[in-house]
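Asker: requesting a structural model of the entry that follows:
(one chain, ligands or ions: 1)
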Amino acid sequence: MPIVETGTESLVKKDRENVWHHISAYNEKNPPMVWESGEGAWITDHEGNRYLDGMSGLWAVNVGYGREELAEVAYEQLKKMPYVPMTQSHEPAILLAEKLNELLGDDYKIIYSNSGSDANEVAFKLARQYHQQNGEPSRYKFISRYRAYHGSSMGALAATGQALRKYKYEPLAPGFLHVAPPDNYRRPAGQSVEEYNIQRAEEFEQKIIWEQKETIAGIIMEPIITGGGVLVPHPIYLEKVQEICNRHGVLLIIDEVICGFGRTGKAFGHQNYKVKPDIVTMAKGLTSAYLPLSVTAVRKDIYEKFDTGEENSHLRHINTFGGNPAACALALKNIEIMERENLFDRSVELGNRLQNELAELKDHPNVGEIRGLGFLLGIEVVENKETREPASNERIAKLMGDCKENGLIVGRNGDTVAGFNNVIALSPPLSCTDEDVDFIISVVKKVFKDNK
Ligand code: PLP
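Answerer: You can find the predicted model right below:
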């Protein structure tokens, strides 16, 4: 047998030769980390260095690493029945759908896919079909917000409002429109947050009217824009958007891919507000990213338009891997862990501590604002507090690099929001211990103090 070289240097070399990474442009001087193992909120790289993963991977590993019961439930299911096409059914899919309905607090039909992008594509397809079968075939357009990310496929990327993510990949799917999100920190001087949020919500209505309401199928939004800079709206904003949707016959699609499963302190982020979405999409925290699985949950009154028995009125969408039995069994166990360990409440508790303790950084010359909800935090870094000029790439890179040097991985809102890529994000596992949170706080404080 040939000897397989698995030393870090050799792996990095092979990586450079063979692996094409997402988003990142690595080079010899700046290689990717090779992650080896994880326990709780901590990951260990191939050389044995430990880091607290302040981003839960990509905002996803909500119950933390090293959960043997998740591995076991998947293993048992793989032995018993590894695969069932979702043209048929199986026990974990049925029980998970029931559980998700309980968390959603309403009657939804659950459609399974593999990724957040998939789940949003399903939402777009079925929203169009719904309007066709509901006597309004001209409704095909979707409105979303600038700065929001909704996925990498041609429809989900079209819904995305981050210019650099789309640059050189256009034209994408037609029929996607955008409005500005509420960015309370940068609202016009003298305007109250509430007034400003009402105005931002009304931009949806203006768009609907300008575009002819009979052409608008849906609005898609995260409850809180996460990857686009942790933009927490005033509660009036979502209520107003819901009211506009209702008034104009537009479906409200809420993207819970990051905000779901406790990130903002509730099962779903929209449950912090008085809204009842027509469609809810979810992924990431659904399995805490241990296996791929996503869901498009659709109100049953919408489903009824697909259940008429008329020719071709059913949803003619198919997905080979969606609803994999091991992934569904694991998702059920993942939710059981969240409930057993009260991780939704814990998210609020830890997030509040983080915000309270880091509040002292508000006096730092480069900290514009610290904001968040639940265990989700954004630190808006600026060059100048008066003008609010966004921090330079160099400043952000230095802060992030210093956090890593000190054992903490933090995120940023992509380098994709032209002009506003200056928000450092924290979205750690909800399973963090008190000591883990102390560690995050101490590193962030130290790094900002060292970078005055
Ligand atoms: N929606 C939101 C809000 C996301 O943050 C993401 C991914 O980061 C997606 C959708 C797409 O999910 P996926 O990468 O699983 O396709």
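Asker: how about whatever helix or strand residue 383 lives in: buried residues?
Answerer: Here residue 383 is covered by strand 377-384, with elements defined by DSSP states H and E. With burial defined by 16 or more other CB atoms under 10 Å, the residues of strand 377-384 counted as buried are 377, 378, 379, 380, 381, 382. For every residue, glycine as well, the C-beta is placed using N, CA and C.
Asker: wait, which of the residues you listed is closest to the ligand?
Answerer: Nearest to the ligand out of the buried residues of strand 377-384 is residue 378 (CB to the nearest ligand atom; 13.9 Å).
Asker: list the contacts for the closest one?
Answerer: Residues in contact with residue 378, defined by CB atoms under 8 Å, 6 or more residues apart in numbering, are 229, 230, 231, 369, 370, 371, 372, 413, 423, 424, 425, 426.
Asker: can you name the residues bridging to the fifth one?
Answerer: Pointing back at residue 370 there. In this entry, residue 370 is beta-bridged to residue 379, by DSSP bridges.
Asker: so how far is the ligand from it?
Answerer: To the ligand, residue 370 is 21 Å away according to CB to the nearest ligand atom, to the nearest Å.
Asker: pretty sure that residue contacts residue 360?
Answerer: No - the pair residue 370 / residue 360 is not scored as a contact, 9.8 Å apart, by CB atoms under 8 Å.
Asker: ok, those two, which is more surrounded?
Answerer: For residue 370 versus residue 360, the count of surrounding residues by other CB atoms under 10 Å is larger for residue 370: 21 against 13.
Asker: list the contacts for the more buried one?
Answerer: Contact analysis of residue 370 by CB under 8 Å, 6+ apart lists 355, 358, 359, 361, 362, 377, 378, 379, 380.
Asker: residues contacting the closest residue to the ligand within the stretch 101-250 of the chain?
Answerer: Closest to the ligand within the stretch 101-250 of the chain is residue 116: 2.3 Å, counting by CB to the nearest ligand atom. Listed by CB under 8 Å, 6+ apart, the contact partners of residue 116 are 150, 151, 156, 255, 257, 281, 282, 283, 284, 294.
Asker: near the ligand, list only the ones from those.
Answerer: By CB under 6 Å from any ligand atom, the members of those lying near the ligand are 150, 151, 255, 257, 283.
Asker: please report how far whichever residue of the stretch 201-350 of the chain sits closest to the ligand lies from residue 269.
Answerer: Per CB to the nearest ligand atom, residue 257 is where the stretch 201-350 of the chain lies closest to the ligand, at 3.5 Å. Look at residue 257 and residue 269: by CB to CB, to the nearest Å, they are 10 Å apart.
Asker: more crowded one of these two?
Answerer: Set side by side, residue 257 and residue 269 show more neighbours around residue 257, with 31 against 28, by other CB under 10 Å.
Asker: my guess is that one contacts residue 293. True?
Answerer: No - taking contacts as CB under 8 Å, residue 257 lies outside contact range of residue 293: 11.7 Å.
Asker: common neighbours of those two, please.
Answerer: Residues within reach of residue 257 and of residue 293 at once, by CB under 8 Å, 6+ apart, are residue 283.
Asker: spatially central residue for this structure, please.
Answerer: The C-alpha lying nearest the average C-alpha coordinate of the chain belongs to residue 258 (CA atoms, centre = their mean; 2.5 Å).
Asker: contacting residues for that residue?
Answerer: Applying CB under 8 Å, 6+ apart, the residues near residue 258 are 59, 60, 222, 226, 227, 284, 285, 376, 427.
Asker: dump the residues you listed to TSV, plus pLDDT and neighbour count.
Answerer: Formatted as TSV, the contacts of residue 258 follow (pLDDT from 0 to 100; neighbours: other CB atoms under 10 Å):
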residue	pLDDT	neighbour count
59	98	21
60	98	22
222	98	26
226	97	27
227	94	26
284	98	27
285	98	28
376	98	25
427	98	30
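Asker: residues from the stretch 101-250 of the chain in reach of the ligand?
Answerer: Contact residues (CB under 6 Å from any ligand atom) of the stretch 101-250 of the chain with the ligand: 115, 116, 117, 120, 149, 150, 151, 152, 222, 226, 227.
Asker: tell me which of these fall in helices.
Answerer: Judged by DSSP state H, helices contain the following of these: 116, 117, 120.
Asker: does the second one touch residue 149 like I think?
Answerer: Right, the one you point to is residue 117. No - with contact defined as CB under 8 Å, residue 117 does not count as touching residue 149 (9.9 Å).
Asker: these two - which one has more neighbours?
Answerer: residue 149 (27 against 24).
Asker: not counting sequence-adjacent ones, nearest residue to that one?
Answerer: Among residues not flanking residue 149 along the chain, residue 227 sits closest, at 4.4 Å (CB to CB, 6 or more residues apart in numbering).
Asker: same deal with residue 285?
Answerer: The spatial neighbour of residue 285 that comes closest, neighbours along the chain excluded (CB to CB, 6+ apart), is residue 261 at 3.1 Å.
Asker: okay, now that neighbour: neighbour count?
Answerer: For residue 261, using other CB under 10 Å, the count is 31.
Asker: quick one, what contacts it?
Answerer: Residues near residue 261 by CB under 8 Å, 6+ apart: 62, 267, 268, 282, 284, 285, 286, 288, 334, 335, 338.
Asker: can you measure across stretch 408-428, start residue to end residue?
Answerer: Stretch 408-428 has its terminal residues 10 Å apart, counting by CA to CA, to the nearest Å.
Asker: now that stretch: buried residues?
Answerer: Neighbour-count burial for stretch 408-428 [16+ other CB under 10 Å]: 408-414, 416-417, 420-428.
Asker: close to the ligand, is it?
Answerer: No - under the criterion of CB under 6 Å from any ligand atom, the ligand is not reached by stretch 408-428; the shortest gap measures 9.3 Å.
Asker: chain center to that stretch, what's the gap?
Answerer: A distance of 13 Å separates the centroid of the chain from that of stretch 408-428, by CA atoms, centre = their mean, to the nearest Å.
Asker: now swap in stretch 205-212 and tell me
Answerer: Its chain's average C-alpha position is 27 Å from that of stretch 205-212, according to CA atoms, centre = their mean.
Asker: average pLDDT across it?
Answerer: Averaging the model's pLDDT scores along stretch 205-212 yields 98.
Asker: now do it: everything it contacts.
Answerer: For stretch 205-212, contacts defined as CB under 8 Å, 6+ apart pick out 141, 143, 177, 179, 216, 244, 248, 250.
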